[in-house]
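Engineer: pasting the sequence and the predicted model now:
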Amino acid sequence: MLTKLFGAAVQGINATIVTIEVNSSRGIRFFLVGLPDSAVKESHERIVSALQVNGYKFPSCQIVVNMAPADIRKEGSSYDLPLAIGILASTGTIQTDKLQRYLIIGELSLDGSLQPIKGALPIAIAAREQGFEGFILPHQNAREAAVVNNLNVYGVHNITEVINFFNGTQTLKPTIVNTREEFYRNQTEFPFDFADVKGQENVKRALEVAAAGGHNLLMIGAPGSGKSMMAKRLPSILPPLSLAESLETTKIHSVAGKLNKDSSLIAIRPFRSPHNTVSQVAMVGGGATPQPGEISLAHNGVLFLDELPEYSRSVLEILRQPLEDRCITISRAKYTLEFPASFTLIASMNPCPCGYYNHPTRHCVCSPGQVQKYLNRISGPLLDRIDIQVEIVPVPFEKLAEARPGESSAVIRERVIRARQIQSARFADTPNTHCNAQMTSSQLSRYAQPDAKGLTLLRDAMSRLNLSARAYDRILKVARTVADLEGSEVIQPHHLAEAISYRNLDRENWAG
């Protein structure tokens with residue numbers, strides 16, 4: 001007896017529907033075809049045990065299973081449940097009248113209970129697009145998939161519930177999530193606040209500009225000056241995610257298996273801080289089974305690289321292309337996958353190996369050559385892609401002892417949101433540009449052209465600091481953001497002066 005049902009394969013951050021055909025006939029062998037990997041082939045033993053423990057007998061006949069399309073590699077253990085249901089249906093144990101109306105996915109334990117899977121959200125989106133009535137999956141992933149509307153999502157605990165459902169002896173209750181209510185309720189929950197930061201007004205201003213325009217930022221300062229502390233507070237002043245951004249971000253984390261149990265949409269912008277021992281593949285994605293890397297997990301959020309010179313040179317250089325294109329393409333012999341990677345890069349570093357170069361009270365023990373060698377670990381092309389470079393000095397005792405809290409993140413965030421609203425109106429007709437940091441050369445000429453006084457100031461800075469053409473563009477972009485924070489339509493000289501002041505590493509007094 002031939003039976004058809006449906007599963008799904010995740011490729012990149014999207015899912016493809018897989019048709020599972022099961023045919024039972026006279027014989028004793030078991031065949032599984034359709035380009036399955038080892039995890040899929042091992043499903044036979046898990047299915048046999050799960051059925052036996054729950055009082056069902058694995059059919060003693062020849063079973064042929066085909067997973068189409070056959071040219072897509074089927075990977076992982078999430079096909080256990082549909083394979084088991086298909087095998088039982090092909091021998092008449094399960095009624096087949098409702099099978100093709102549901103998408104089924106799940107990993108079986110030996111006792112028949114279900115384990116969580118990766119990629120439930122993109123699979124649910126594919127199920128809705130293909131017109132399925134419902135989606136049956138492990139209960140741990142039900143809330144994640146239930147954010148997709150117009151689709152009945154059934155979270156089940158074990159295979160017996162699924163068998164009884166198709167045989168009509170048990171009903172399943174769909175999981176319902178009020179997506180908008182949960183999304184907007186969780187948008188203001190942050191563990192850190194800028195009100196806790198004492199002093200460092202110039203650095204807080206630089207972070208505000210970075211948040212308002214989506215600019216990359218590098219903080220240079222001595223150990224203990226507050227670089228990591230302030231970087232962790234940046235998500236609290238970034239504009240809130242839109243529902244579309246949240247859905248895309250959640251898809252990436254779902255595919256990577258990074259969502260918490262019983263979670264739904266990600267409501268706040270991600271903050272990723274990989275250790276400096278991270279490999280190239282872990283940073284940008286890939287592997288034998290391509291997975292999103294740290295830059296994709298930071299999509300629509302912040303990628304924080306602490307102690308930037310300690311990262312491998314190859315890892316830093318591989319960031320150059322994603323910083324420009326805001327996506328990463330993983331190419332293999334038989335296929336190509338593209339992961340989004342539109343993130344704000346926030347980095348921190350010491351000014352020298354000992355950490356006290358240019359320190360107001362501590363003596364630096366490094367020679368000028370050692371300082372220069374340390375700074376040279378960051379290449380010029382990568383440094384050019386960092387719009388804002390700000391120096392941090394330690395906070396004096398008087399500031400630390402102040403009982404008065406600093407400006408809160410909520411107040412700063414309001415200014416950032418107003419600046420982003422100006423940019424959204426400005427770039428309403430250009431779908432690939434959302435903030436000033438993404439402006440093209442033609443858009444710079446249109447929206448960020450300084451007046452005569454500004455051009456003179458910029459010409460002097462270019463000559464004095466020996467800046468590159470890319471640095472010139474970065475200064476204009478930052479100046480445009482400073483003007484937006486003031487609500488000014490025209491870039492004025494003091495906007496340019498502030499933007500130029502953020503090119504700290506271009507100054508001649510660095511490293512002697």
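Structural biologist: Perfect, I can see it now.
Engineer: what about residue 128, distance to residue 150?
Structural biologist: Note on residue 128: its distance to residue 150, by Cβ to Cβ, to the nearest Å, is 6 Å. Just so you know, the C-beta spots here come from the backbone N, C-alpha and C atoms, and that holds for glycine as well.
Engineer: between these two, who's got more neighbours?
Structural biologist: More crowded of residue 128 and residue 150, by other Cβ atoms under 10 Å: residue 128, with 16 against 6.
Engineer: quick one: that one and residue 148 touch, right?
Structural biologist: Yes - proximity of residue 128 to residue 148 meets the contact threshold set by Cβ atoms under 8 Å, at 5.4 Å.
Engineer: the residue most central in space within the chain: what's it in contact with?
Structural biologist: The centroid of the chain falls nearest to residue 297 when counting by Cα atoms, centre = their mean (2.5 Å). Shown in contact with residue 297 (Cβ atoms under 8 Å, 6 or more residues apart in numbering): 252, 253, 256, 258, 270, 272.
Engineer: quick one: it and residue 341, what's the gap?
Structural biologist: Look at residue 297 and residue 341: by Cβ to Cβ, they are 9 Å apart.
Engineer: ditto for residue 233
Structural biologist: Taken as Cβ to Cβ, the span from residue 233 to residue 341 is 23 Å.
Engineer: quick one, which of those two is more surrounded?
Structural biologist: Neighbour count, other Cβ under 10 Å: between residue 233 and residue 341, residue 341 has more, with 27 against 23.
Engineer: contacts only, for the more buried one.
Structural biologist: So residue 341 contacts 284, 295, 296, 298, 299, 322, 326, 327, 328 (Cβ under 8 Å, 6+ apart).
Engineer: the first one is in contact with residue 295, isn't it?
Structural biologist: Put plainly, it is residue 284. Yes - using Cβ under 8 Å, residue 284 is in contact with residue 295, at 5.7 Å.
Engineer: who touches both of the two?
Structural biologist: 319, 322, 328, 341.
Engineer: need those residues in a markdown table (columns: secondary structure and distance to residue 433).
Structural biologist: Listed next are the shared contacts of residue 284 and residue 295 as a markdown table, based on DSSP: H, G, I helix; E, B strand; the rest coil; distance: Cβ to Cβ, whole Å:
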| residue | secondary structure | distance to residue 433 |
| --- | --- | --- |
| 319 | coil | 21 |
| 322 | helix | 17 |
| 328 | strand | 19 |
| 341 | coil | 16 |
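Engineer: just want to know which of residue 284 and residue 295 has more residues nearby.
Structural biologist: Between residue 284 and residue 295, residue 295 has the larger neighbour count (other Cβ under 10 Å), namely 26 against 23.
Engineer: what about residue 310, how many residues close to it?
Structural biologist: Neighbour tally, residue 310, other Cβ under 10 Å: 13.
Engineer: got a pLDDT number for it?
Structural biologist: Per-residue pLDDT puts residue 310 at 93.
Engineer: and if you look at residue 344?
Structural biologist: Note for residue 344: predicted pLDDT of 94.
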